[in-house]
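>>> here is my input, please return the structure:
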Amino acid sequence: MNEFTHAQKVVEQFKTLLSREEIQGLEEEHMDELILLIEAAIDAAVLEALEKTADKLEQLAMETRRLAEKGA
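Take a look at the predicted model:
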């Protein structure tokens, strides 16, 4: 599931918490903006996790190289 689809599902779930009157009071434009905000938050979290993983892989590669050079 991509970030946009997930964001749409989050907004749909959010709507289930609202009354019919509350939903009718919200314009579709606002729901679209909420989807974009959620998608951006998901993207930011994913990028942060990828960056941390890349840092760990870089450290592992350096340690592996150090051990290989030490053993050679």
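
>>> please report how far the closest residue to E39 other than its chain neighbours lies from E28.
Nearest non-adjacent residue to E39, counting by C-beta to C-beta, 6 or more residues apart in numbering: A7, 4.1 Å away. For every residue, glycine as well, the C-beta is placed using N, CA and C. When C-beta to C-beta, to the nearest Å is the yardstick, A7 and E28 sit 15 Å from each other.

>>> just L50 next, same as before
L50 is 33 Å from E28, by C-beta to C-beta.

>>> between these two, who's got more neighbours?
Legend: neighbour count by other C-beta atoms under 10 Å for L50 and E28, higher for L50 (10 against 7).

>>> which helix runs longest in this structure?
Longest helix of the chain, by residue count under DSSP state H: helix 28-71.

>>> any idea of the mean pLDDT for that one?
Across helix 28-71, pLDDT averages out at 96.

>>> and it, how far from the chain's centre?
Centre-to-centre, helix 28-71 and its host chain are 10 Å apart (C-alpha atoms, centre = their mean, to the nearest Å).

>>> what helices or strands is that helix leaning on?
Helix 28-71 makes packing contacts with helix 3-16 when contacts are defined by 3 or more C-beta pairs under 8 Å, 6 or more residues apart in numbering; DSSP states H and E.

>>> name the nearest residue to the residue nearest the centre of the chain, ignoring sequence neighbours.
Closest to where the C-alpha atoms of the chain average out (C-alpha atoms, centre = their mean) is I42, at 2.2 Å. Closest residue to I42 apart from its sequence neighbours, by C-beta to C-beta, 6+ apart: E3 at 4.4 Å.

>>> in contact with the one you found, which residues?
By C-beta atoms under 8 Å, 6 or more residues apart in numbering, the residues touching E3 are 39, 42-43, 46.

>>> now do it against M62, distance only.
According to C-beta to C-beta, E3 stands 32 Å off from M62.

>>> picking up where we left off before, can you flag the buried ones in the contacts of E3?
Buried members of those, scored by 16 or more other C-beta atoms under 10 Å, are 39, 42.
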